[in-house]
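1. mind folding the following:
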Amino acid sequence: MYLLSLAIAPVFIIILYIYYKDKYDKEPKRLLLYSFLLGAIVSIIVTTILYIISDYTIPIAIKGNTSVLQLFIKAFFIVGFIEEFSKYIIVRYFAQNKKAFNEQFDGIVYAVMVSMGFAATENILYVLQGGAQTAFLRAFTAIPAHATFAVLMGYFMGKAKFSNNKRTLNLLGLFLAILFHGAYDFFLFLEFIPGIWVGAFISLFIGLMLSKKAIKKHSNNSRFKNSSTF
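-> Numbers count the residues shown, from 1 in each chain. Alright, predicted model coming up:
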């Protein structure tokens with residue numbers, strides 16, 4: 001239970017933070033729970049299926065990944081694309097169509113909920129294998145990274161819901177999530193190059209700064225801001 005608590009604690013801290021930031025029109029808790037569970041279950045299933053397919057269609061994925069090019073492909077086109085696409089389809093075809101998705105900030109809320117569902121399942125598996133040290137490390141790296149990718153995706157998916165360029169904005173959100181996810185993993189994969197791992201944290205820092213601005217912008221532009229009773 002101790003390791004399980006360590007694994008899920010950072011996930012729920014981020015969820016509470018985003019829930020608090022949704023100041024003017026809170027989302028139904030039922031839909032938030034469904035989004036989290038879909039992220040935890042469906043994303044893992046879809047990711048597993050896509051990873052299996054990639055093993056057959058992209059042989060480089062199972063050849064040791066020792067060159068920079070191989071690691072680049074693995075980071076961006078396998079891990080980044082597969083994991084973010086699995087989250088994207090849930091936000092796009094479950095959350096974005098809901099009546100409760102009625103302002104741009106909701107894109108961030110639902111994307112983070114889906115992403116934290118995925119991150120919770122993934123983190124439990126890692127922490128049960130690696131122990132408390134892994135839990136503390138991932139609490140300040142992988143979990144915030146997943147949240148950052150989700151905010152960037154959700155920012156544009158929130159704009160897409162109320163735009164005539166829905167497809168373009170949705171795909172832009174997916175692209176940015178893949179870009180930052182891929183960059184983060186790519187620098188970590190290059191472990192044979194001393195010090196290159198710093199690049200992962202630089203990309204994460206940039207993503208966090210952009211996420212902070214995205215949250216603030218959608219919150220300030222909420223259609224419910226002036227009518228809020230808070």
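
2. sketch out the low-pLDDT regions of this structure for me.
-> 51, 53-66, 227-230 (pLDDT under 70).

3. ok, which stretches of it are helices?
-> 2-21, 29-57, 68-73, 81-90, 105-130, 132-139, 142-161, 166-189, 198-220 (DSSP state H).

4. mean neighbour count and distance to residue 99 added to those, as a markdown table?
-> C-beta coordinates here come from the backbone N, C-alpha and C atoms, glycine included. Formatted as a markdown table, the helices of the chain follow (neighbours: other C-beta atoms under 10 Å; distance: least, C-beta to C-beta, whole Å):
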| stretch | mean neighbour count | distance to residue 99 |
| --- | --- | --- |
| helix 2-21 | 17 | 19 |
| helix 29-57 | 16 | 10 |
| helix 68-73 | 15 | 41 |
| helix 81-90 | 23 | 17 |
| helix 105-130 | 25 | 11 |
| helix 132-139 | 16 | 35 |
| helix 142-161 | 26 | 11 |
| helix 166-189 | 21 | 17 |
| helix 198-220 | 16 | 19 |
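
5. out of these, flag the one nearest residue 96.
-> Across the helices of the chain, residue 96 has its closest neighbour in helix 142-161 (5.7 Å, C-beta to C-beta).

6. thinking again about what came up before, out of the helices of the chain, flag the one nearest residue 98.
-> Going by C-beta to C-beta, the one of these nearest residue 98 is helix 29-57, 6.2 Å.
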